[in-house]
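Visitor: Need coordinates for the below:
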Amino acid sequence: MVVLLWLIGHVCRVNSYGTNLTTLKSRRDSLYSKLSEVLVAKEAKVEKMDADLKVRYESAMNVMAITSERHLLSSNRYANCFHSAR
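Guide: Below is the predicted model:
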């Protein structure tokens, strides 16, 4: 009789552990899913920022090239005027 009661208690505990394990696995899967969504969203944000920075960099480089070219032309005109005056 004592062994039977012990066995029933043991089976109940094992059943409880199994239920808890199933619940924990479900919770883990849910958290992994949410984490995955957050990471995908952040990677998309980083990719967008990267693309925006590339556009801004290319634009700045174009402005620098144009400014440099204008400065060079302006310097050449000044030099030509200076040499012509002599």
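Visitor: centre of the chain versus the helix or strand encompassing residue 50, how much separation?
Guide: Using DSSP states H and E, residue 50 maps to helix 2-85. Relative to the chain's own centre, helix 2-85 is displaced by 0 Å; criterion: C-alpha atoms, centre = their mean, to the nearest Å.
Visitor: Any idea how many residues pack against residue 18?
Guide: As a burial measure, residue 18 scores 10 neighbours (other C-beta atoms under 10 Å). Every C-beta, even on glycine, is put in place using the N, C-alpha and C of the backbone.
Visitor: what does residue 33 give?
Guide: Residues near residue 33, counting by other C-beta under 10 Å: 10.
Visitor: can you check residue 11 too?
Guide: Neighbours of residue 11 (other C-beta under 10 Å): 10.
Visitor: any idea how far it lies from residue 20?
Guide: 15 Å (C-beta to C-beta, to the nearest Å).
Visitor: which residue is nearest the middle of the protein?
Guide: The centroid of the chain falls nearest to residue 43 when counting by C-alpha atoms, centre = their mean (3.1 Å).
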